[in-house]
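Peer 1: what's the 3D shape of this:
(chains A and B)
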There are 2 protein chains.
Amino acid sequence: MEDYRVIEVKRSIFEDNDADAERLRQALREENTFLVNIMSSPGAGKTTLLERTLEELGGSLKIGVMEADIDSDVDAKRMNDAGARAIQIHTGGMCHLDADMTRQGLKELGTKDLDLVFLENVGNLVCPAEFDTGASANVMLLSVPEGDDKPLKYPLMFQVSELVLINKTDVLPYFDFDMEACRAAILERNPAAAVIPVSAKTGEGIPEWCAWLKRRIQS
Amino acid sequence: MEDYRVIEVKRSIFEDNDADAERLRQALREENTFLVNIMSSPGAGKTTLLERTLEELGGSLKIGVMEADIDSDVDAKRMNDAGARAIQIHTGGMCHLDADMTRQGLKELGTKDLDLVFLENVGNLVCPAEFDTGASANVMLLSVPEGDDKPLKYPLMFQVSELVLINKTDVLPYFDFDMEACRAAILERNPAAAVIPVSAKTGEGIPEWCAWLKRRIQS
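Peer 2: Just a heads-up that it's a prediction; the model follows:
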């Protein structure tokens, strides 16, 4: 049974996205809904991470998910199957979401009764970092196969993310990935960033990530 | 010894990028320089692929490389170390290159004596697909860890690429990646696409890729 909607969002009419994002963040705070913007490269494992997170937190929090994609609705289907209220946002070819596009998605999802909403942004390390979505927190997912040099190449993404999850630790033996070098490169870009290694596949690090989320929601 | 330059390219002054790209393609044809635009997600292995390719073809063809990145010049250094004439293009935060930005890079590189030039585009599956760089051929590199569903999610990238290399076949045993399903999804987006599985790490498929290149240059 498919119980999620697919919506096409329109380009924002607001010239000042930063101010608009601040308005959205304030509105969410007033209704006690915490919005997490999750960003990564294509295929870093955002959707699998969210499936695991829903398993872990779905019993204690009411959670919704907005899946943004250029095309396809396979991710919203997976979220729906995992028990979350989910919608698919089609960006009409655009490489990012801004605050007003996020608002359009939240309106369709319906957030008044939700404690936590995940926005799975378009898989892209460049453009999503440039647009404040109005989220309560930005979380970035880097995966082991991408390499430990990514903070050098995509500086803004690491600067705007308060938490970096390093996913796919289960395949660390098969890649030349230096966890400590990566952590140091992240902290060079953003000294305040938290870093948690995880494997959405095996569940390693998922309790630490969920504990971070709970602390952050309550703060 | 660092023997490559870093240049900052400016946004194009041409409104019609498609026409400008056609002019660049024609100019390159007249001087017998073949320009290959290589696109992929961050960390799919473009630079390692080019190192292997230089080993294989460097003896028979004069090759140059333009490395595009938001920041850092680690890739141009690697190309220079591998024996290619290389430059680093900084896009000033932009997520793609257009034809005029490519032309600025080619001018700095100097192409009159080169048979083959690789443009390593910004790691991104969205924006680079939207802008014709004027290249003689578009090649897309998908890596096994990203998953076999990427052609569903980033349709334009697969439509504009005449060859899809599927990299990191050495780690196929550790990922749920269905090569035949991926091939079928690519061909659904682009029935004319060629598909070659490769491992830039072990060298698997590199001779086939180089044979494809040589045929394409001569055609």
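Peer 1: And stretch A:190-204, what's buried?
Peer 2: Residues A:190, A:193-201 are the ones in stretch A:190-204 that count as buried (16 or more other Cβ atoms under 10 Å in any protein chain shown). The way it works is simple: take the backbone N, C-alpha and C, and place the C-beta from them, glycine included.
Peer 1: List just the nearest of these to chain B.
Peer 2: residue A:201 (8.9 Å; Cβ to the nearest Cβ).
Peer 1: any idea how far that closest one is from residue A:169?
Peer 2: 9 Å (Cβ to Cβ, to the nearest Å).
Peer 1: Give me the residue at the spatial middle of chain A.
Peer 2: Centroid check for chain A by Cα atoms, centre = their mean gives residue A:38 as the closest residue, at 1.1 Å.
Peer 1: I figured that residue hits residue A:44, correct?
Peer 2: No - counting by Cβ atoms under 8 Å, residue A:38 does not reach residue A:44; the two are 9.6 Å apart.
Peer 1: Please enumerate the shared neighbours of the two.
Peer 2: Listed contacts common to residue A:38 and residue A:44 are residue A:141; contacts here mean Cβ atoms under 8 Å, 6 or more residues apart in numbering or on different chains.
Peer 1: quick one: low-confidence ranges for chain A?
Peer 2: Counting by pLDDT under 70, chain A has low-confidence residues at A:1-4, A:10-14.
Peer 1: where does it come near chain B, residue by residue?
Peer 2: Residues of chain A found near chain B (Cβ under 8 Å from any Cβ of the partner chain) are A:41-43, A:69-72, A:74, A:93, A:95, A:122-127, A:130, A:143, A:145-147, A:149-150, A:152-156, A:168, A:170-171, A:174-175.
Peer 1: Please list only the buried members of these.
Peer 2: A:41-43, A:69-72, A:95, A:122-127, A:143, A:145-147, A:149-150, A:152-156, A:168, A:170-171, A:174-175.
Peer 1: Counting only strands, which of those residues make the cut?
Peer 2: By the criterion of DSSP state E, membership of those in strands covers A:69, A:143.
Peer 1: and the buried ones among the residues of chain A next to chain B, which of them are in helices?
Peer 2: The helices, defined by DSSP state H, take in A:150, A:152-153, A:155-156 from those.
Peer 1: Let me know the closest of the residues you listed to residue A:182.
Peer 2: residue A:150 (7.9 Å; Cβ to Cβ).
Peer 1: Would you confirm that that closest one contacts residue A:125?
Peer 2: Yes - Residue A:150 is within contact range of residue A:125, at 7.1 Å (criterion: Cβ under 8 Å).
Peer 1: If you count neighbours, what's buried in stretch A:125-139?
Peer 2: With burial defined by 16+ other Cβ under 10 Å, the residues of stretch A:125-139 counted as buried are A:125-129, A:131-139.
Peer 1: Relative to residue B:182, which of these is nearest.
Peer 2: residue A:125 (22.2 Å).
Peer 1: Would you mind listing the buried residues in stretch A:38-57?
Peer 2: Neighbour count says stretch A:38-57 has A:38-54, A:56-57 buried, by 16+ other Cβ under 10 Å.
Peer 1: Endpoints of that stretch, how far apart?
Peer 2: Terminal residues of stretch A:38-57 lie 17 Å apart, using Cα to Cα, to the nearest Å.
Peer 1: and if you look at stretch A:143-163?
Peer 2: End-to-end distance for stretch A:143-163, by Cα to Cα: 14 Å.
Peer 1: ditto for stretch A:54-68
Peer 2: In terms of Cα to Cα, the two terminal residues of stretch A:54-68 are separated by 18 Å.
Peer 1: so how far is that stretch from its chain's centroid?
Peer 2: On the basis of Cα atoms, centre = their mean, to the nearest Å, stretch A:54-68 sits 12 Å off its chain's mean C-alpha point.
Peer 1: Now it: buried residues?
Peer 2: By 16+ other Cβ under 10 Å, the buried positions in stretch A:54-68 come out as A:54, A:56-57, A:61, A:63-68.
Peer 1: farthest pair in the residues you listed?
Peer 2: Every pair of these checked by Cβ to Cβ; the farthest is A:56 and A:68, at 22.7 Å.
Peer 1: rewinding a little: out of the buried residues of stretch A:54-68, flag the one nearest to residue B:28.
Peer 2: When the buried residues of stretch A:54-68 are ranked by distance to residue B:28 (Cβ to Cβ), residue A:68 comes first, at 37.0 Å.
Peer 1: from what I can see the closest one touches residue A:97, true?
Peer 2: Yes - using Cβ under 8 Å, residue A:68 is in contact with residue A:97, at 5.5 Å.
Peer 1: Identify the contacts common to these two.
Peer 2: Both residue A:68 and residue A:97 are in contact with A:89, A:91, A:105, A:119, A:121-122, where contact means Cβ under 8 Å, 6+ apart.
Peer 1: Looking at these, spot the one nearest chain B.
Peer 2: The closest of the shared contacts of residue A:68 and residue A:97 to chain B turns out to be residue A:122 (Cβ to the nearest Cβ; 6.6 Å).
Peer 1: ok, the closest one touching residue A:98?
Peer 2: No - between residue A:122 and residue A:98 there is no contact under Cβ under 8 Å: 11.6 Å.
Peer 1: Please tabulate the buried residues of stretch A:125-139 in CSV, including the columns secondary structure.
Peer 2: What follows is the buried residues of stretch A:125-139, written out as CSV (DSSP: H, G, I helix; E, B strand; the rest coil):
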residue, secondary structure
A:125, coil
A:126, coil
A:127, helix
A:128, helix
A:129, helix
A:131, coil
A:132, coil
A:133, coil
A:134, coil
A:135, coil
A:136, coil
A:137, strand
A:138, strand
A:139, strand
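Peer 1: separation between the closest residue to residue A:122 other than its chain neighbours and residue A:101?
Peer 2: Leaving aside its sequence neighbours, residue A:122 sits nearest to residue A:68 (Cβ to Cβ, 6 or more residues apart in numbering or on different chains; 5.2 Å). Per Cβ to Cβ, residue A:68 is found 8 Å from residue A:101.
Peer 1: Mind listing the shared neighbours of these two?
Peer 2: Residues touching both residue A:68 and residue A:101 (Cβ under 8 Å, 6+ apart): A:89, A:91.
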